[in-house]
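Asks: what follows is a protein structure lacking sequence information:
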């Protein structure tokens, strides 16, 4: 066993990626209203997801045509159960339950209930996947969720009816989806996001067809799909990379800032007013994000011997040699073996730090 006294602190790139993903998702709602007007929610969801999947698929095709080598791990057979789970819970059950719930629930109640996704993600990560959640992280997540709840109250409180448990189940499905995606986050994020986008797009558009929803104009369709590519597609790619480095609980909490970032976008693009409630919500979310960014989780921990594949550079966790002819530029991806090691440094529950406490 190798013993190392300490390693440098982890940088802040991963939290910034999570916040960028939240920003891209948050701006989708106000911009969608600006672009396409009164398109029904199920049709809009289908177009956004379809734009995400087709746009990312086009990127993959262009990558192949121009021979651009991307050093990311490929999907393997062992990843398929996790991928199937993300498609079922995130691309099928989540949208279906949400649409059923919206049919009998007013918009204000639905907006309030959708905040449960961040809570479900954290609780599942903590209780099921044993991801470390300390008091500071938990309080930060509560502050972010409370801020999102305040934003939901902007629309008033209505009657939820039977849609309440359905929307809650949709949030549970997406919480499961986030945690399952974490299990395969070492895989090429563009491939994962493209598959999930196409699956969710197909489900939502099939629902729209079954409900007799009319198709919008060509210009509105193209605009919605383009927005889906940027907000849902590229946003999901960033979200998956953040999951790889931060784990589900932390990434989900940062992602909970999306409603506030959406409110800022509405003020910028639609001339919406930044009310005192929105500003208070933003302050709560900023406080929660600060609690997360100031987290200093450091202790001596042991790594068991491990063999896996993911994008990496030769840092203190990756001191291995390459076979003749194997890619040596950094970062790169190839199957590699980690020797058992004990050391101490600041860390998050990334692909190397899934240990218990």
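Replies: That came through fine. For clarity, every value in this text was computed on a predicted model and none was experimentally measured.
Asks: in the host helix or strand of residue 80, what's buried?
Replies: When secondary structure is defined using DSSP states H and E, the element that contains residue 80 is helix 80-86. Along helix 80-86, the positions that meet the burial threshold by neighbour count (16 or more other CB atoms under 10 Å) are 82-83, 85-86. All C-beta spots, glycine's among them, are computed from the backbone N, C-alpha and C.
Asks: count the neighbours of residue 214 for me.
Replies: 8 (other CB atoms under 10 Å).
Asks: give the helix, strand or coil label for it.
Replies: Three-state call for residue 214 (DSSP: H, G, I helix; E, B strand; the rest coil): coil.
Asks: from the buried residues of helix 80-86, which is closest to residue 114?
Replies: Ranking the buried residues of helix 80-86 by separation from residue 114, with CB to CB as the measure, puts residue 86 on top at 18.9 Å.
Asks: that closest one touches residue 200, doesn't it?
Replies: No - counting by CB atoms under 8 Å, residue 86 does not reach residue 200; the two are 10.2 Å apart.
Asks: where does this protein dip in pLDDT?
Replies: Along the chain, the model assigns pLDDT under 70 to residues 1-11, 36-37, 106-112, 152-161, 295-357.
Asks: one more time with 50, if that's ok
Replies: Per-residue confidence of the chain (counting by pLDDT under 50) places the weak regions at 1-10, 299, 301, 318, 345.
Asks: tell me where it has strands.
Replies: Taking DSSP state E, the strands of the chain run over residues 2-4, 298-303, 306-312, 332-338, 341-346.
Asks: next, the buried residues of stretch 264-280.
Replies: Along stretch 264-280, the positions that meet the burial threshold by neighbour count (16+ other CB under 10 Å) are 264-266, 278.
Asks: now stretch 23-40
Replies: Of the residues in stretch 23-40, those buried by neighbour count under the rule 16+ other CB under 10 Å are 23-32, 35-36, 39.
Asks: which residues touch the nearest residue to residue 232 once chain neighbours are set aside?
Replies: Sequence neighbours aside, residue 52 is the residue nearest to residue 232 in space, at 3.8 Å (criterion: CB to CB, 6 or more residues apart in numbering). Each residue near residue 52 by CB atoms under 8 Å, 6 or more residues apart in numbering is listed here: 193-194, 196-197, 200-201, 228-229, 232-233, 236.
Asks: kindly report the same for residue 75.
Replies: Listed by CB under 8 Å, 6+ apart, the contact partners of residue 75 are 83, 184, 187-188, 191-192.
Asks: which residues touch the helix holding residue 80?
Replies: By CB under 8 Å, 6+ apart, the residues outside helix 80-86 that reach it are 75, 176-177, 180-181, 183-184, 192, 195-196.
Asks: one more: stretch 212-230?
Replies: With CB under 8 Å, 6+ apart as the test, stretch 212-230 has contacts from 24, 28, 31-32, 35-37, 39-40, 42-44, 47-52, 54-56, 197, 201.
Asks: distance from the chain centre to it, please.
Replies: The chain centroid and the centroid of stretch 212-230 are separated by 23 Å, computed with CA atoms, centre = their mean, to the nearest Å.
Asks: buried sites along that stretch?
Replies: Along stretch 212-230, these residues count as buried under the neighbour rule (16+ other CB under 10 Å): 213, 216, 220-221, 223-225, 227-230.
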